[in-house]
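Participant: quick one: sequence plus predicted model below, questions after.
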Amino acid sequence: MSTPASTTARRPLTPEDLVRIQQISDPQISPDGLRVAFVATTLSEERDEHLSTIWMIDTVGGAPRRFTTGTRDTAPRWAPDGRRLAFVSEREPGKPAQLYVMPSDGGEAIRLTNLKNGVWGPVWSPDGQRLVFMSRVGGWQEPEREEERRKSKPVRVITSLRYKQDGEGFTYDRRPHVFVVSADGGEPRQITQGDFVHWDPCWSPDGRLIAFASARHETRDDDWAGDIWVVPAEGGEPRALTDTSGPVALPAFSPDGRAIAYLGHRYPCDDGRNIRLFAVPLDGGKPICLTERFDRRCGFIGSPYLVTKPVWAADGLSILVEVQDQADCGVWRVPVEGGEPEQVIGGARAVFAFSVSADGSRIAFAATDPLSPAEVFTCRGDGTDERALTDLNGRWKSEVALSPPERFTLRRDGFSIDAWVMRPAAFDPDRRYPALLWIHGGPHRAFSHAFWHEAQVYAAAGYAVVYTNPRGSQGYGEAFSRAVVADWGGGDYEDIMAGLDEAPRRYPWIDPDRLGVMGISYGGYMTNWIIGHTDRFKAACAEGSISNVHTQFGTSDIGPAWNPSEAGRVLPWEDPQWYVQHSPLTYAKNVTTPLLLIHAEHDLRCPIEQAEQMFVALKKLRREVVLVRVPDESHGLTAWRSRHRLERLRLILEWFGKRLRPDAQAAP
């Protein structure tokens, strides 16, 4: 996709380049395969927000053109006849996003909904007369009258463990439900009912049924399981097609309407399992796993992008699905009647969203690689005749010096561990450079071959960037991913440190006396863990981190199910010693490395009490520690407002700059 270019006369990349990058997502090819609608998002430091618009481009090439005029437009979806485009937009400042439809050749947008909690996930009916979408139902609303706003808010009576969600807040009284609305306007009809969470609706080919995913079983507070359901499009009693054996998502009807494909696995309480592709008969029968012998994850993680719904071939004989294969993320074709999956779109890159024309002859997809932010591509249905349609970041790339990651592998405990080193952008072989060890989150995420602005910022600032996919990372087989379960701080720690040890041996220009370590979420956990077990780092930065696994169990939005799954299905009162032994806070007395803690105040995934506990412990021990509290933000860093994202990068550069001295002229 991109090749390393000469850095001559190119400027160093800076944090501020974040606002110059066009972030491309959600490419949607028209039914006739002639056009692609996609979303382009930029960050505005001046407005302190993300600005998203919908663009259009022809698949034969040409210049992309802006299709919508809003600043928060997303989710473009073609009508089956290609004459209209639905999308979601926050057209009214301060109001939630609503559903709009406009002619695909341009014209006036018509608002179809005005729901107090907004909408997302629109899908056209096969006849183009209706759309199904999601919206939360209920919830307290801020009064409009000033005298009412001065009064106290109502109390929250909680009876379910699933009562909050990171990035959403308290959701116990705002469950997501399925709605249908006429494409010509009118009152939306709520199709699902009850105190249940629903997601991923889709239509049957004849338009009579809507399939969706939902967790309605009695133990839904304690596990990840769900089911695929179908309900009449006019409303009625839903019928479950699956047996509540594990998590499910993204149902898609076969062309003949006789089966539904979906993603999931058969372990209701386990994390780190391969997500697999299933098909279940509509008229009853056991779900069939179509990727049972394919030891890779369908749908990938390690990036901020959403997973695409499985796409059936027009003849119903195969299904296209995203697959994470080590650090490569592509599109594979899975035969329905048995046989080996085959790669359709691949390469050392991340293909993170795709769509297919009505007859399957053309695919549009968005892809990124280590030297290029995402752009829109197209190819034939078999993956041939690939070509880039956009180059919205081309001018910017021509101005900045970028550092290509260099990959190496090492063997440990029978596993092959991937690792990478990025050289400082203005590399001089006669110098030695400090290095930053970056640790991914999860632990079942993984570094992929995607563009990574932040790592490029550190390389431009004079650091080598070292990162690994240790055991726990997905894309390397289920045994590898599950090897971290009940062993946090064990083999994963050793893999990471082995990768760091190998880097200076292969790249002697790395200064082993000037090392920093950093990570977010589980990466923040591992940062806290590492500095409690070694003093070889001169500085550390833990973001959105975990310091006390025991207290996270009861304070995180997913803690009651996630923490026991990572502890090997052990609850804190069953084996409290495990939770103590695997908490970085236990080893705070050993910490001598200066630590910068950055944490969002509205983080419900790894609540800020995790950073507060580590901060208090180190302050009481008279160690060097700084806590940065980021107001009004959640765990998902990419959703932070522009100024907070930029300020974060500046703080990190300042923290490591004072302690690792990247400008020092140390000779090898």
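Facilitator: Done, it's in. Numbers count the residues shown, from 1 in each chain.

Participant: all helices for this structure, in order.
Facilitator: Assigned helices in the chain, in chain order: 146-149, 394-399, 453-460, 478-482, 491-506, 522-531, 549-555, 559-566, 576-581, 609-620, 642-660 (criterion: DSSP state H).

Participant: dump these into TSV; add distance to Q324 as well.
Facilitator: Bear in mind the C-beta positions are built from the backbone N, C-alpha and C, glycine included. What follows is the helices of the chain, written out as TSV (distance: least, C-beta to C-beta, whole Å):
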stretch	distance to Q324
helix 146-149	47
helix 394-399	25
helix 453-460	19
helix 478-482	10
helix 491-506	18
helix 522-531	17
helix 549-555	26
helix 559-566	20
helix 576-581	29
helix 609-620	28
helix 642-660	26
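
Participant: identify whichever of these lies nearest to R35.
Facilitator: For R35, the closest of the helices of the chain is helix 394-399, at 21.0 Å, according to C-beta to C-beta.

Participant: pull out the buried residues from that closest one.
Facilitator: K397 (16 or more other C-beta atoms under 10 Å).

Participant: let me know the average pLDDT across that helix.
Facilitator: When pLDDT is averaged over helix 394-399, the result is 97.

Participant: swap in stretch 219-230?
Facilitator: Per-residue scores along stretch 219-230 average to 96.

Participant: what does the domain assignment say about the chain?
Facilitator: The record's domain parsing of the chain by automatic domain parsing lists 112-142+154-289, 397-660.

Participant: can you put those in TSV and add distance to E148?
Facilitator: Formatted as TSV, the domains of the chain follow (distance: least, C-beta to C-beta, whole Å):
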stretch	distance to E148
domain 112-142+154-289	9
domain 397-660	23
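
Participant: winner for burial among those?
Facilitator: domain 397-660 (a mean of 20; mean count of other C-beta atoms under 10 Å).

Participant: can you give me the end-to-end distance of it?
Facilitator: Start-to-end span of domain 397-660 (C-alpha to C-alpha, to the nearest Å) is 28 Å.

Participant: next: stretch 157-166.
Facilitator: Stretch 157-166 end-to-end distance (C-alpha to C-alpha) = 19 Å.

Participant: so for that stretch, mean pLDDT?
Facilitator: 95.

Participant: go through the helices of the chain and find the least confident stretch.
Facilitator: When I compare these, helix 146-149 is least confident, with a mean of 83.

Participant: before we move on, the earlier item: quick one, which of the helices of the chain is nearest to D227?
Facilitator: Here helix 559-566 is closest among the helices of the chain (C-beta to C-beta), at 16.6 Å.

Participant: any low-confidence regions in this structure?
Facilitator: Within the chain, the segments meeting pLDDT under 70 span 1-8, 300-306, 665-668.

Participant: and the helices of the chain: which comes nearest L277?
Facilitator: Closest of those to L277 is helix 478-482, at 14.4 Å (criterion: C-beta to C-beta).

Participant: distance from the chain centre to the closest one, please.
Facilitator: With C-alpha atoms, centre = their mean, to the nearest Å as the basis, helix 478-482 stands 20 Å off its chain's centre.

Participant: next: stretch 419-426.
Facilitator: 24 Å.

Participant: ok, residues contacting that stretch?
Facilitator: 7, 12-13, 401-410, 433, 447, 455-456, 458-469, 499, 502-503, 506-507, 510, 662 (C-beta atoms under 8 Å, 6 or more residues apart in numbering).

Participant: kindly report the same for stretch 577-585.
Facilitator: Residues contacting stretch 577-585 (C-beta under 8 Å, 6+ apart): 486, 488-489, 525, 528-529, 532, 546-550, 553, 567, 570, 572, 586, 613-614, 617.

Participant: could you redo the last one with a cut-off of 6 Å?
Facilitator: 488-489, 528-529, 532, 547-550, 567, 570, 572, 586, 613 (C-beta atoms under 6 Å, 6 or more residues apart in numbering).

Participant: next: stretch 621-629.
Facilitator: Counting by C-beta under 6 Å, 6+ apart, 591, 594-598, 601, 615, 618 sit against stretch 621-629.

Participant: may I have that stretch as CSV, with CA atoms only?
Facilitator: Provided in CSV are the C-alpha atoms of stretch 621-629 (Å, rounded to 0.1, in the frame of the first residue of the first chain):
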residue,chain,number,x,y,z
LEU,A,621,6.2,6.0,49.8
ARG,A,622,7.8,9.3,48.8
ARG,A,623,8.3,8.2,45.2
GLU,A,624,8.2,10.4,42.1
VAL,A,625,4.6,10.2,40.7
VAL,A,626,2.3,12.6,38.9
LEU,A,627,-1.5,12.1,38.4
VAL,A,628,-3.2,13.8,35.4
ARG,A,629,-7.0,13.7,35.7
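
Participant: use 742 as the first number from now on
Facilitator: In the new numbering, first residue 742, that becomes stretch 1362-1370.
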